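Asker: have a look; sequence and predicted model below, questions after that.
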Protein chains: 2
Amino acid sequence: MPTDIEIARSAKKRPMSELADALQIDAADIIPYGHDKAKIAPGHLSSLKAKSDGKLILVTAINPTPAGEGKTTTSVGLTDAMNRIGERTLLCLREPSLGPCFGMKGGATGGGQAQVVPMEDINLHFTGDFHAITSAHNLLAAMIDNHVHWGGDSGLEPTRITWRRVMDMNDRNLRNVVTGLGGSPNGTPMETGFDITVASEIMAILCLARDAHDLQERLERMVIGYRRGRIPVTAKDMKAVGAMMALLKDAMLPNLVQTLEGNPALVHGGPFANIAHGCSSVIATKAALKMADYVITEAGFGADLGAEKFFNIKCRQAGLMPSAAVLVATVRALKMHGGISKEDAGTVSYDALERGLANLGRHIENLKQFNVPVVVAINRFTSDTSREIAAIEAYCAERGVQVSICTHWAEGGHGAEDLARKVTRIASDTPIDFQPLYPSDMPLFEKIETVAKRIYRASHVDAPASVHKQLERWEQDGYGNFPVCMAKTPYSFSSDAKLVGAPEGHALQLREVRLSAGAGFVVGICGDLVTMPGLPRRPAAEDMHLDHLGLIQNLS
Amino acid sequence: MPTDIEIARSAKKRPMSELADALQIDAADIIPYGHDKAKIAPGHLSSLKAKSDGKLILVTAINPTPAGEGKTTTSVGLTDAMNRIGERTLLCLREPSLGPCFGMKGGATGGGQAQVVPMEDINLHFTGDFHAITSAHNLLAAMIDNHVHWGGDSGLEPTRITWRRVMDMNDRNLRNVVTGLGGSPNGTPMETGFDITVASEIMAILCLARDAHDLQERLERMVIGYRRGRIPVTAKDMKAVGAMMALLKDAMLPNLVQTLEGNPALVHGGPFANIAHGCSSVIATKAALKMADYVITEAGFGADLGAEKFFNIKCRQAGLMPSAAVLVATVRALKMHGGISKEDAGTVSYDALERGLANLGRHIENLKQFNVPVVVAINRFTSDTSREIAAIEAYCAERGVQVSICTHWAEGGHGAEDLARKVTRIASDTPIDFQPLYPSDMPLFEKIETVAKRIYRASHVDAPASVHKQLERWEQDGYGNFPVCMAKTPYSFSSDAKLVGAPEGHALQLREVRLSAGAGFVVGICGDLVTMPGLPRRPAAEDMHLDHLGLIQNLS
């Protein structure tokens, strides 16, 4: 059986000029990066304004398990299938982070016959967007410390600098560092640390900004620390934003690649799904809606985090109106939600499956709270039995939800044509009636409670007095209209990763809150939060190499 | 008067396909990065093997002064002039570092009417080479610390890790850091630091490697620390090199851009000129020699460091035979070598000029030691008087050296046609007789003494016993054949930056030696060495911004 990289490499890619023609982009507005990647020039993006929008379809999933669900794979398969049945459909995905490629997660370009290509490039440097974000982030850090070094007059207190540095790498040793050692010529000693680049507020901002102007304003608003009296100091105060914009000039343009079946895909931006909203860029999504009748996009983690943030943060801020959601699950993952281990998930266990379906059911209910119609997609494994499939179909039928059994991993778009037909039908037949879960003017703590109770089904939110006080302070400072962005384990509705299935009545422990003033949300942190991953005992990097033809081997 | 960036932006660039045609590169072997930058595919590089080599011309300079000499500007002007007089000539330059663009130095793409374009892109992210090197360097760092974290069995002693991290930024606070704080799950506390990316040994290696195979072998040899008994541990021992090669796959390919006059230029690699050799890549130089009759290239700093390393390190390792050297000076800089300040350098002072000419004379003598013929190029300012010019001409005539007065900054290639004629004549009339200053089998300390005495005109080299011992140890370990790479102030022949002109008889203080086992040289450090610059009180970044057309303003 060929590996993903072998399948990706043997793909006969369409020339970029053909993709551009299909999207009615002038050749001059295609900025090539190699022969199989391109950025779309600003001129084309602004020419789209007068066009009407296509329909927006979100692909989300049950709570992730080690068995894997295949959200990206399903997004790709559905896109190919939509195009096969004659619907002009564009895919919008997140860019993978470099760091995890060398750890164990691997890349994020789909799998099997449902991938975007060129797989290696997309997973490694791609068009340099993440490097540009890293540079812009660290330039600001250097300018802040330099400001302190020369005794700048902003009143910024060195011990209240909140801006850290970033690197696109899994490097646990950089989580907590002290810089500026070695005496006065070498800076000022500071307790700080590095996050992985996808956790940078600049990444979240790049993905939420509508255009260059909005990007600049958001960067200017970023809070980098505090002066005496706890008054925020911003990136604008550091006079860093102009240079950061110069660094981000190209990174803000969507990247055009293609699926294995030669359908165009915009792969752009990739914020963390915990302290950020986990969706690809608004600029790409909005451009895609102008260029296609359907846009397929995905959100990070399961629907409790990913879809909730997609709706409450991205759609709210960007004025997007989604037409439908696809909820991805696998038989194995459902069985794991029924309480069995990964090792046993391949064996038949109807009991576990029946129990695990509660997780699926909960997400279906939740998605309906946003008035978005749902289709369940079962990403089928060859080992799944027809009785297992029938059990899922019966479960969905009872709840009046359509379900489609998909085989795009093995068969490409052909294997998701039934799903495509169901999605187009539901998106066409249902009037768009999307609404966020809470209004913008609800107090911040109430917003957190609303998500906790209505999505996670917690009984209540436990938070220290300091959190309440902080939220009230931000409301006074004018941030009260922000949506909330929850950082919680993705593996459970609760804050206990081991509580699979559909737990309810638990208390949500809200440990800490953070302000992302530029991104425009308040982060609620429940439990431990790792913003800089580590490498495993045996990193995937150890097996990677270039073969004698110069091809990358063992990148997955 | 238009600024450099305005001149660069108004250039009418030739399409890349035309440049490719001129160099006889198949369209398929041009890997585009936007419409005005490209990489040359490996297939074309290997197709060149059977072709004969053109002539190699080095552009070097007197010791740098704050008045500026214009080495890059002269390299560009000379290239344009050579093409104007009908010689098929290719330019090979170093890539600028991102960090200094935000400090005060500005970019490194020439100036006035003698620039390479697209200026903004080349100075910022360009084709991502430096980002790739940064990633490869820091992946190795992460894998080393991860090895320690999991208790790897290499015997590597955590306190003897010598591999630091890099960032392409001027950030003094990162010079000395402690990482791994916060307890065991967050790594192991380590005293370490960051260098700027151009100081990475990987940068030096990328610029000295002949091909992918050589690159990999050099990466494998890099010493990252020591195990018990001071036995070196290498990057290969960390199993990191395969993944690093995957990250460097495209970075090792030369970048093709053009001069303002539409002549092709390869801009590739940019190692530090102090702890490394300060020359653009061997891969680009060797490819250029196959594609043109003349190749113009430059080396960092003045000829005492730049040309010496170009000859003794780059030419020796790569088997290059330079045909001539161009020694760049300005009237102002020569006056500063005569002892007057930058403020006074614009005024007439024949005494200072006469005194300062000693610096020029010393470099002429030095270059002749390599059996390379020299032409002096005076990069003329409008304020230079004809009597000043006449004084220089008389000085060179006395020494039997040709001199050319150049106005390419104001006039482009036309202003360097006389220089071009003199260079082609001397390169054609003089049989190639290049020889390095010392043989490879000379003991390491003797090599340092040879450079110190014959190039710097020091009376002797002072070094602590530990340095002697270390050099002897490396000789026993098999590194005795390496050339030496001196890290010394570029502003003076001595190790005292203020000693301008042509000092002699000084003692060279050799403080420390370092091994760059992958690059293949031993670094001799004299005086303070800064491998991570800081930002000035008022960084250039503060004035940079994107204007309403999306154009970068105030990048210089």
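Answerer: Looks like it came in fine. Just so it is clear, the model here is predicted, and its values are computed rather than measured.
Asker: so what's A:Leu322 closest to, chain neighbours aside?
Answerer: That one is not Leu; residue A:322 is Pro. Computed as C-beta to C-beta, 6 or more residues apart in numbering or on different chains, the closest residue to A:Pro322 that is not its neighbour in sequence is A:Leu56, at 4.6 Å. Placement of C-beta: from N, CA and C, glycine included.
Asker: check which helix or strand the one you found maps to.
Answerer: strand A:55-61 (DSSP states H and E).
Asker: show which residues not belonging to that strand make contact with it.
Answerer: Strand A:55-61 is contacted by residues A:69, A:71, A:74-75, A:78, A:285, A:289, A:293-299, A:301-303, A:306-307, A:310, A:320-329, A:363, A:367, A:372, A:377, A:423, A:427-428 when judged by C-beta atoms under 8 Å, 6 or more residues apart in numbering or on different chains.
Asker: just checking, which of these belong to helices?
Answerer: Members of the contacts of strand A:55-61 lying in helices (criterion: DSSP state H): A:71, A:74-75, A:78, A:285, A:289, A:306-307, A:363, A:367, A:423, A:427-428.
Asker: let me know the closest of those residues to chain B.
Answerer: Nearest to chain B among these is A:Thr285, at 20.8 Å by C-beta to the nearest C-beta.
Asker: for burial, what's the neighbour tally of the closest residue to the closest one other than its chain neighbours?
Answerer: Excluding the flanking residues, the one nearest A:Thr285 by C-beta to C-beta, 6+ apart is A:Cys92, at 5.2 Å. Per other C-beta atoms under 10 Å in any protein chain shown, the neighbour tally for A:Cys92 reads 28.
Asker: packing partners for the helix or strand hosting A:Cys92?
Answerer: For A:Cys92, the enclosing helix or strand under DSSP H and E is strand A:89-93. Under the contact definition 3 or more C-beta pairs under 8 Å, 6 or more residues apart in numbering or on different chains; DSSP states H and E, strand A:89-93 sits against helix A:71-84, strand A:264-267, helix A:282-291, strand A:294-298.
Asker: export these to TSV and tack on mean neighbour count, distance to B:Ala519 and mean pLDDT?
Answerer: Converted to TSV, the helices and strands packed on strand A:89-93 look like this (neighbours: other C-beta atoms under 10 Å in any protein chain shown; distance: least, C-beta to C-beta, whole Å; pLDDT from 0 to 100):
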stretch	mean neighbour count	distance to B:Ala519	mean pLDDT
helix A:71-84	29	41	98
strand A:264-267	27	36	98
helix A:282-291	24	41	98
strand A:294-298	28	44	98
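Asker: out of these, which gets nearest to B:Gly339?
Answerer: helix A:282-291 (57.4 Å; C-beta to C-beta).
Asker: where is the longest helix in chain A?
Answerer: Under DSSP H, chain A gives helix A:129-149 as its longest helix.
Asker: pLDDT averaged over that one, what's the number?
Answerer: For helix A:129-149, mean pLDDT is 98.
Asker: cool, stretch A:209-223 as well?
Answerer: 97.
Asker: check contacts around the most centrally placed residue in chain A.
Answerer: For chain A, the residue sitting closest to the mean C-alpha position, by C-alpha atoms, centre = their mean, is A:Gly278 at 2.5 Å. For A:Gly278, the contacting residues are A:94, A:271-272, A:299-301, A:305-306, A:309-310, by C-beta under 8 Å, 6+ apart.
Asker: gap between it and B:Tyr491?
Answerer: Going from A:Gly278 to B:Tyr491 by C-beta to C-beta, to the nearest Å gives 52 Å.
Asker: can you pick the most crowded of the contacts of A:Gly278?
Answerer: Going by other C-beta under 10 Å, A:Pro271 tops these with 31 neighbours.
Asker: A:Lys197: how many residues sit nearby?
Answerer: In this structure residue A:197 is Thr, not Lys. A:Thr197 has 28 neighbouring residues, counting by other C-beta under 10 Å.
Asker: spit out the contact partners of A:Cys92.
Answerer: Residues near A:Cys92 by C-beta under 8 Å, 6+ apart: A:265-268, A:280, A:284-285, A:288, A:295-297.
Asker: could you redo the last one with a cut-off of 10 Å?
Answerer: Shown in contact with A:Cys92 (C-beta atoms under 10 Å, 6 or more residues apart in numbering or on different chains): A:56, A:75, A:79, A:254, A:265-269, A:279-282, A:284-289, A:292, A:295-298.
Asker: dump the helices and strands packed on strand A:89-93 to a markdown table, plus distance to B:Ala458.
Answerer: Below are the helices and strands packed on strand A:89-93 laid out as a markdown table (distance: least, C-beta to C-beta, whole Å):
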| stretch | distance to B:Ala458 |
| --- | --- |
| helix A:71-84 | 63 |
| strand A:264-267 | 57 |
| helix A:282-291 | 59 |
| strand A:294-298 | 65 |
